[in-house]
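> Here is the input, now give the coordinates:
(4 chains)
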Number of protein chains: 2
Amino acid sequence: MKSKRSENTKSGPVTLERVAKLAGVSPSTVSRILNGTAVVSDEKRKAIDEAIAELGFVPNPVARGLAGGRTLSIGVVTQAIDSPFYGPALRGIEDELDSAGYSPLFVSAHWDPTTEGRCIDVLRSRRVDGLIVLNGRLSDQALKNTAKHLPIVVTGRNIKGAGLFALNFDNFAGGVLATEHLISLGHRKIAFISGDAAHPDANERLRGYTTALKNAGIPFDANLVVPGDYQVESGLAATDLLLASRRKFTAIFCANDQMAYGAALSLHRKGLRTPEDVSLIGFDDIYHSLYVAPPLSTIHQPAYEMGRLTASSILQMLAGNKPTAAMPAPELIIRESTAKL
Amino acid sequence: MKSKRSENTKSGPVTLERVAKLAGVSPSTVSRILNGTAVVSDEKRKAIDEAIAELGFVPNPVARGLAGGRTLSIGVVTQAIDSPFYGPALRGIEDELDSAGYSPLFVSAHWDPTTEGRCIDVLRSRRVDGLIVLNGRLSDQALKNTAKHLPIVVTGRNIKGAGLFALNFDNFAGGVLATEHLISLGHRKIAFISGDAAHPDANERLRGYTTALKNAGIPFDANLVVPGDYQVESGLAATDLLLASRRKFTAIFCANDQMAYGAALSLHRKGLRTPEDVSLIGFDDIYHSLYVAPPLSTIHQPAYEMGRLTASSILQMLAGNKPTAAMPAPELIIRESTAKL
DNA sequence: TTGTAGGCGTTATCAG
DNA sequence: CTGATAACGCCTACAA
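All right, here's what the predicted structure looks like:
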């Protein structure tokens, strides 16, 4: 039996050239079987495979990137690397990319278009092969421009163009679903805590709310709509405000789960019980919502799945195919924070 | 005024060579001022700076990596990219690295030593300049071996060696702190839900608990210690078990916040109130704990700060200096989930 | 202080 | 099917 590691035979990095020499072929031939670029005789292939195993050769992605122009890496711009909502999406991207030999390069834009532009510059300078932009703030035009240079998959907006693919969740339908659930339980005084108006998805959720009310013949009461910004604190503050205003309501629909946590805390502090006194529904179904007390009713948005889809889409584009993925429809998740009036 | 982008003058990538030509100097001179490798006359420096601005030149990290052996990227192995505890640490790393022109390369090992080994291989093949390993599962020896090739900063263990630096949190002290808090409130029947025994930090927290009990002269009751695995579900199940056993207890110390959420839910479902019926304390102080109802008392572990420290440490090592950073001491955070007996 | 030449490890383009 | 021979864009001796 041969020793598993004959690395010591000759020091220095194990290069393709060394493999070629050992196998008695030219470097180009080794490269060919590595990339499947051309057909190689079984004889040489075998010799090369053995040499590779013997040397424990592993191609150098950096050199590959320089020579071939492909780095096998995908830039992923997210808004915050530690976002409870996007986290699972990042994991999905990682999983999907990994199984194809690609690596993600994560950067956070912190909801700032300027930062986002810089992030993309960094990513491009690092020669990523493609880009995934999760709910970015850059203009459609800016996106289209960079799409001229490398394929992009975006979420959170509808946009078409060469080298551009969008994967969008139906926030409007989700908003309708949540509101209708509350209405079906007998609620008519339903408050709404909105997300940041700068987010298109936040507006869509609001539109779902107003539409569902209208469909049910419930008059819209602007005083029942309080602005939030998707952060927990804002849900807390908004609910405090609602309570202080003495406006009557029996249910609250928060534009995302995190604000619902804030709302729950506000209610708890005022001695109000969920759902006995006030029903509460969120949006997104982040992991935690299953375990808060009481578990939160919400609209399920498949973040992990979304991550996988964006990744497989960019991979398809890289392979020269047109992606066909589509986001699953919103789904109502009924747990213990909503009850009959 | 000149047009800001004269890229169109000549197509193709803006290379260092182009800059050199425009500035009327040799490529090496451009390289020199780019890296501060040598002193250059003010005259040429100015010409080069102008040429760089004019062309909008940006060095190609890939080529740099090949030629110089440095990629200006740091591999970061974490256990799960979407972990609520490590998330802020990743952000800290990102922030710190970014300000030094470095980029993090995140990979998830999913608490599996084999996967972790593969992750490190990927990172090394991508020629990262250094490694940060957050609470890894690899053996000290394995770590020491790869530290021969590139500098490593690890958290969650004590280990010394060339090219190796450890940043460890005092979990034992934290465990003592939490338990003493409960004791000071008059509790004597204190249950403990442990973390996975495979995690050294989990065992340290448990040791803190038993030690504090002993110091207070409270007999240790093995029936009050229930195994968990750091996941929410296990906190829920463990509390269910505790309740079903009919053993008396007035407080629960969970080895991390997430299990405390599970415990809170279990109590809530049984109609028990926190903290009126049972006091609850967690560990870690993840972001959410401030907003659960009721806000959770816990031990603060500065994850973001830890991220920054690991990053600045690796940067110091890269600069040839010995890192001196140390983790802040554990801190007791008293919120609304613990009360006098 | 500055330029020239060679090389980093692969891939791509040619011939053969 | 296979092997030279150039790049890829930058860095680093070495020489001047």
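
> Tally up the residues packed near the residue nearest to A:R269 when sequence neighbours are not counted, please.
Distances taken as CB to CB, 6 or more residues apart in numbering or on different chains put B:A293 closest to A:R269, at 7.9 Å, once the chain neighbours are dropped. C-betas here are computed from N, CA, C, even on glycine. By the criterion of other CB atoms under 10 Å in any protein chain shown, B:A293 has 23 neighbours.

> just A:D277 next, same as before
Using other CB under 10 Å, the number of residues around A:D277 comes to 12.

> ditto for the one 5 residues further on
Using other CB under 10 Å, the number of residues around A:G282 comes to 30.

> so it touches A:H288, yeah?
No: in terms of CB atoms under 8 Å, A:G282 does not count as a neighbour of A:H288; the distance is 10.3 Å.

> Phi first, then psi, for the residue nearest to A:R269.
For B:A293, the backbone dihedrals are phi -110, psi 120 (criterion: degrees, to the nearest 10).

> I figured it hits A:A263, correct?
No: with contact defined as CB under 8 Å, B:A293 does not count as touching A:A263 (9.9 Å).

> anything in contact with each of those two?
The contact sets of B:A293 and A:A263 do not overlap (CB atoms under 8 Å, 6 or more residues apart in numbering or on different chains).

> What segments of the stretch 101-250 of chain A are helices?
Ranges of helices within the stretch 101-250 of chain A are A:113-125, A:140-146, A:171-184, A:200-215, A:232-244, based on DSSP state H, counting those that start in this stretch.

> In the stretch 1-150 of chain A, where is pLDDT below threshold?
For the stretch 1-150 of chain A, applying pLDDT under 70 flags the ranges A:1-11.

> what does it have sitting close to DNA strand C?
Within reach of DNA strand C by CB under 7 Å from any atom of the strand, the stretch 1-150 of chain A has these residues: A:12-13, A:15-17, A:27-28, A:31, A:34-35, A:37, A:57-60, A:63-64, A:66-69.

> Just the buried residues of these.
When those are checked for burial by 16 or more other CB atoms under 10 Å in any protein chain shown, the buried set is A:T15, A:L16, A:S31, A:F57, A:P59, A:N60, A:A63, A:R64, A:L66.

> Mind checking what secondary structure the third one has?
Looking back up the chat, that one is A:S31. Using DSSP: H, G, I helix; E, B strand; the rest coil, the structure places A:S31 in helix.

> Relative to A:H300, how far out is it?
To A:H300, A:S31 is 47 Å away according to CB to CB, to the nearest Å.

> Now narrow the buried ones among the residues of the stretch 1-150 of chain A next to DNA strand C to whatever sits close to DNA strand D.
Filtering those for proximity to DNA strand D by CB under 7 Å from any atom of the strand leaves A:A63, A:L66.

> Narrow the buried ones among the residues of the stretch 1-150 of chain A next to DNA strand C to those in helices?
A:L16, A:S31, A:A63, A:R64, A:L66 (DSSP state H).

> near chain B, from these?
A:A63, A:L66 (CB under 8 Å from any CB of the partner chain).

> contacting residues around the residue of the stretch 201-341 of chain A found nearest DNA strand C?
Nearest to DNA strand C in the stretch 201-341 of chain A, going by CB to the nearest atom of the strand, is A:L318, at a distance of 13.0 Å. Contacts for A:L318 (CB under 8 Å, 6+ apart) come out as A:D129, A:G130, A:P151.

> quick one: average pLDDT of stretch A:227-236?
The average pLDDT within stretch A:227-236 is 97.

> An error on my part: the question was meant for stretch A:188-204.
The average pLDDT within stretch A:188-204 is 95.

> what do you get for stretch A:328-341?
On average, the pLDDT along stretch A:328-341 is 97.

> Now do the end-to-end distance for that stretch.
Distance across stretch A:328-341, first residue to last, is 31 Å (CA to CA, to the nearest Å).

> If we go by neighbour counts, what in it is buried?
Across stretch A:328-341, burial judged by 16+ other CB under 10 Å covers A:P330, A:L332, A:I333, A:R335, A:E336, A:S337, A:T338, A:A339.

> Let me have these in a markdown table, extended by distance to DNA strand D and secondary structure.
Shown next, in a markdown table, are the buried residues of stretch A:328-341 (distance: CB to the nearest atom of the strand, whole Å; DSSP: H, G, I helix; E, B strand; the rest coil):
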| residue | distance to DNA strand D | secondary structure |
| --- | --- | --- |
| A:P330 | 45 | coil |
| A:L332 | 52 | strand |
| A:I333 | 50 | strand |
| A:R335 | 55 | coil |
| A:E336 | 58 | coil |
| A:S337 | 56 | coil |
| A:T338 | 58 | coil |
| A:A339 | 63 | coil |
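
> closest to chain B among these?
Nearest to chain B, judged by CB to the nearest CB, of those is A:E336 at 8.8 Å.

> right, and A:R64 touches A:S73 too?
No: in this structure, A:R64 is not within contact of A:S73 by CB under 8 Å, at 10.8 Å.

> so which of the helices of the stretch 101-250 of chain A comes closest to DNA strand D?
Smallest distance to DNA strand D across the helices of the stretch 101-250 of chain A (CB to the nearest atom of the strand): 9.1 Å, for helix A:113-125.

> ok, back up a step: what's the overlap in contacts for A:G282 and A:H288?
Between them, A:G282 and A:H288 share these contacting residues under CB under 8 Å, 6+ apart: A:D257, A:Y261.
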